[in-house]
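A.B. asks: Quick one, structure for this:
(4 chains)
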There are 2 protein chains.
Amino acid sequence: MAYLKPPGNLRRMSNRRTNPDFLNGVPELVVLELLSRRAMYGYELVQAIRERSGGELTFGEGAVYPLLHKLEERGHLASRRVPVGGRSRVVYRVTRPGKKRLAETVGEWRRIAASVQDILQGGEHAIAKALAEGRIR
Amino acid sequence: MAYLKPPGNLRRMSNRRTNPDFLNGVPELVVLELLSRRAMYGYELVQAIRERSGGELTFGEGAVYPLLHKLEERGHLASRRVPVGGRSRVVYRVTRPGKKRLAETVGEWRRIAASVQDILQGGEHAIAKALAEGRIR
DNA sequence: CCCAAATACATCGAACCGATAGGTATTGCC
DNA sequence: GGCAATACCTATCGGTTCGATGTATTTGGG
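C.D. replies: Reported below is the predicted structural model:
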């Protein structure tokens, strides 16, 4: 069954069904961050993301499971099967390379978020800073 | 000619060439924001984005021009040709619907950025806030 | 004891988006 | 003339998210 967004939230106005604005790369960042604190299985992760973001971020299973597989392939995650009452859970944890990747990703996010913030505030200080550092001339 | 990122920045480790992380929707947001302050032509906009973001955001012509056309098609921008010394510039300004769109986009950005920030800081207050507002249970 | 709901895993394709690479043409400077 | 900078534009490619869909087990209400 599909997970509905909380009732208060209006659906994205354009009837877009893919790649919503600003969410590119966010699932990976969030998954790595949450798993770096505690090993979890896929379904648990889906719930955790929604709860942790106060319902703002809701990545369904269709987004999370393929991502977990991809991250494991790349060596950023490792999994082990845990039998729980006749049912089998696949629990993921972040590997050392995964933690490195997470650190890089967080840095990238912060830099971009700061840049966008600067532009939205019409700030001139970004320009002054860049000039001082010789990044632009 | 392609625009190179500043020398200090390490290139994205995976040899990705398209749709880098976290930049989805950002070009549109930035273009609307900058044009809402001052009408500009395409080439000018490309420079302005780089300068305003201190070299962090560099959207080349190949990203900006198609975006301008798309936004004009949707009625968010209007253009007029201005001949300048035998050369012709296409100057864009934000329409009223465009300003509405900008406001919505800024709101969306802020909400998502705040959510990601919360998760990165391991904050529990997002959960408490959502509980108080009944967004999750 | 039956059935609905929740749990748990998983795949696939549609639609979309940014950027590289390519192209044309003019202007100004040395 | 040669070259950089200005100014515009498009085709195409790779990569991404998410809805739809499917299977199977456990739990709880009546």
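A.B. asks: remind me which residues of chain A are low pLDDT?
C.D. replies: In the predicted model of chain A, residues A:1-19, A:123-137 satisfy pLDDT under 70.
A.B. asks: Could you tell me how many residues sit around A:Lys70?
C.D. replies: One way to gauge burial is a neighbour count; for A:Lys70, by other C-beta atoms under 10 Å in any protein chain shown, it gives 12. In short, each C-beta sits where N, CA and C put it, glycine included.
A.B. asks: what's the longest helix that chain A contains packed up against?
C.D. replies: In chain A, ranked by residue count with DSSP state H as the criterion, the top helix is helix A:96-120. Helix A:96-120 is packed against helix A:26-37, helix A:125-132, helix B:26-37, helix B:96-120, with contacts defined by 3 or more C-beta pairs under 8 Å, 6 or more residues apart in numbering or on different chains; DSSP states H and E.
A.B. asks: Leaving out sequence neighbours, find the closest residue to A:Glu28.
C.D. replies: Excluding the flanking residues, the one nearest A:Glu28 by C-beta to C-beta, 6 or more residues apart in numbering or on different chains is A:Leu67, at 6.3 Å.
A.B. asks: Any part of stretch A:74-89 near DNA strand C?
C.D. replies: Yes - legend: contact between stretch A:74-89 and DNA strand C by C-beta under 7 Å from any atom of the strand is shown at A:Val84, A:Arg87, A:Ser88, A:Arg89.
A.B. asks: now what about the host helix or strand of A:Leu67, what contacts it?
C.D. replies: Element membership for A:Leu67, per DSSP states H and E: helix A:61-73. When contacts are defined by C-beta atoms under 8 Å, 6 or more residues apart in numbering or on different chains, helix A:61-73 is touched by residues A:27-28, A:31-32, A:42-43, A:45-46, A:49, A:77-79, A:92, A:98.
A.B. asks: restrict these to those near DNA strand D?
C.D. replies: Restricting those to contacts with DNA strand D (C-beta under 7 Å from any atom of the strand) yields A:Pro27, A:Glu28.
A.B. asks: List only those of the contacts of helix A:61-73 flagged as buried.
C.D. replies: For the contacts of helix A:61-73, a burial check counting by 16 or more other C-beta atoms under 10 Å in any protein chain shown picks out A:Pro27, A:Glu28, A:Val31, A:Leu32, A:Gly42, A:Leu45, A:Val46, A:Ile49, A:Leu77, A:Ser79, A:Tyr92, A:Gly98.
A.B. asks: Pretty sure A:Val91 is one of the things the fifth one touches, is it not?
C.D. replies: In this case it means A:Gly42. No - with the criterion set as C-beta atoms under 8 Å, A:Gly42 and A:Val91 do not qualify as a contacting pair; they are 9.1 Å apart.
A.B. asks: could you dump stretch A:45-64 to CSV, C-alpha only?
C.D. replies: The C-alpha trace of stretch A:45-64 is given here as CSV (Å, rounded to 0.1, in the frame of the first residue of the first chain):
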residue,chain,number,x,y,z
LEU,A,45,14.2,3.1,7.7
VAL,A,46,11.1,4.3,5.7
GLN,A,47,9.3,5.0,8.9
ALA,A,48,12.3,6.6,10.5
ILE,A,49,12.8,9.1,7.7
ARG,A,50,9.2,10.2,7.9
GLU,A,51,9.3,10.5,11.7
ARG,A,52,12.7,12.2,11.9
SER,A,53,11.7,14.8,9.4
GLY,A,54,8.3,15.4,11.0
GLY,A,55,6.5,14.1,8.0
GLU,A,56,8.2,16.5,5.6
LEU,A,57,10.4,13.9,3.9
THR,A,58,8.6,10.7,2.9
PHE,A,59,10.5,8.4,0.7
GLY,A,60,8.5,5.3,-0.1
GLU,A,61,9.8,1.7,-0.4
GLY,A,62,10.1,2.2,-4.1
ALA,A,63,12.8,4.8,-3.4
VAL,A,64,14.5,3.3,-0.4
